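A.B. asks: What shape does this take:
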Amino acid sequence: MGIYQGLILKQTCVLCSEQANFCICDTCAQDFSSSPQRCKTCAYPITGHLDFCIPCLTNSPAFNRTYTLYDYQGAIAQLIKDFKYNQQFCIGNYFARQLYTLYQTLPTYDAILPMPLSKQRIKQRGFNQTLEFLRKIQQRTKTPIDIRSVQRIKATQPLFELTPEQRRAEIKGAFSVTSMPYKKILLVDDIITTGASLNELAITILKNTQVTHCDVMTLARAE
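C.D. replies: The predicted structure is shown next:
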């Protein structure tokens, strides 16, 4: 249970049960994994002196650059699952603050578009986790967060159970888009794995609107 100390509401860390701000303590947060070097296009962890991974050099996706905070493993993976499937909204609030900090370091965009969920998935889960992660950005910036121009029209099966080739086939034709007055946009999702969903979304937007540049921001990068 939280207690007030001055004007700061203290909570219990969901990982270690020690006192914390925003339900995750600084000690646990220091252990979150984040690769020091990533492919500039898809954020895949890389080593050496290259700026891009081999898949992106040979078959670059439709989006230009990916910014991410964490590796999707260990505590980060568990926290995201607890938020998405157990509705622990204090975790979503914590990650929203971290994404806002990352967003402040990025270039400016005409609009931010969260990854849309199908109506079936919204009904099952009760909310769009990516939109929840954008709450702080929505409150503190003037950049519009557009949730209307792109819709998910195909209820795909969970992509993490599929091979990369199966993911690309499953996600094809999953989105519809209406005209939008933007040139440069930021696509946001909670996790990027192969990038199939984000790539299909970017392709759909670039082919059917005036948008000429898509970047990506995610909370975590899975391998």
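A.B. asks: mind listing what residue 191 touches?
C.D. replies: Under the criterion of CB atoms under 8 Å, 6 or more residues apart in numbering, the contact partners of residue 191 comprise 72, 80, 218-222. Any C-beta I mention is one placed from the backbone N, CA and C, and that applies to glycine too.
A.B. asks: buried set for the one helix or strand it maps to?
C.D. replies: Counting by DSSP states H and E, the element that carries residue 191 is strand 184-192. Buried residues in strand 184-192, defined by neighbour count with 16 or more other CB atoms under 10 Å: 185-192.
A.B. asks: Equivalent analysis for stretch 129-145, please.
C.D. replies: 129-137, 141, 143, 145.
A.B. asks: Ok, stretch 84-95 next?
C.D. replies: Buried residues in stretch 84-95, counted by 16+ other CB under 10 Å: 84, 88, 90-95.
A.B. asks: quick one: average confidence on that stretch?
C.D. replies: Taken as a whole, stretch 84-95 carries a mean pLDDT of 92.
A.B. asks: Go ahead and name everything in contact with it.
C.D. replies: 11, 14, 22-24, 79-80, 82-83, 125-127, 129, 132-133, 135, 190, 219.
A.B. asks: just how off-centre is it within its chain?
C.D. replies: In this view, stretch 84-95 has its centroid 14 Å away from the chain centroid, taken as CA atoms, centre = their mean, to the nearest Å.
A.B. asks: Need the distance between the two termini of it.
C.D. replies: 12 Å (CA to CA, to the nearest Å).
A.B. asks: Just give me the neighbour total for residue 32.
C.D. replies: One way to gauge burial is a neighbour count; for residue 32, by other CB atoms under 10 Å, it gives 17.
A.B. asks: which stretches of the chain have low pLDDT?
C.D. replies: Across the chain, residues meeting the criterion (pLDDT under 70) sit at 1-9.
A.B. asks: if you set the cut-off to 50 instead, what comes out?
C.D. replies: 1-8 (pLDDT under 50).
A.B. asks: I'd like the domain boundaries of it, if you could list them.
C.D. replies: With automatic domain parsing serving as the domain definition, the record reports that the chain contains domains spanning 1-31, 33-221.
A.B. asks: re earlier: mind listing which of the contacts of residue 191 are in strands?
C.D. replies: 218-221 (DSSP state E).
A.B. asks: still on that earlier bit, looking at the buried residues of strand 184-192, point me to the pair that's furthest apart.
C.D. replies: Using CB to CB, those span at most 19.4 Å, a distance reached by 185 and 191.
A.B. asks: Look through this structure and tell me its longest helix.
C.D. replies: helix 89-103 (DSSP state H).
A.B. asks: OK, contacts around residue 34?
C.D. replies: Residues near residue 34 by CB under 8 Å, 6+ apart: 69-71.
A.B. asks: Quick check: phi and psi on residue 125?
C.D. replies: Here is the backbone geometry of residue 125 (degrees, to the nearest 10): phi -90, psi -30.
A.B. asks: Show the contacting residues for it.
C.D. replies: The neighbours of residue 125, taking CB under 8 Å, 6+ apart as the test, are 84-85, 117.
A.B. asks: Of those residues, which belong to helices?
C.D. replies: Among the contacts of residue 125, DSSP H puts 84-85 in helices.
A.B. asks: Closest one to residue 167 out of the buried residues of stretch 129-145, please.
C.D. replies: Sorting those by how near they are to residue 167, with CB to CB, puts residue 130 at the top with 17.9 Å.
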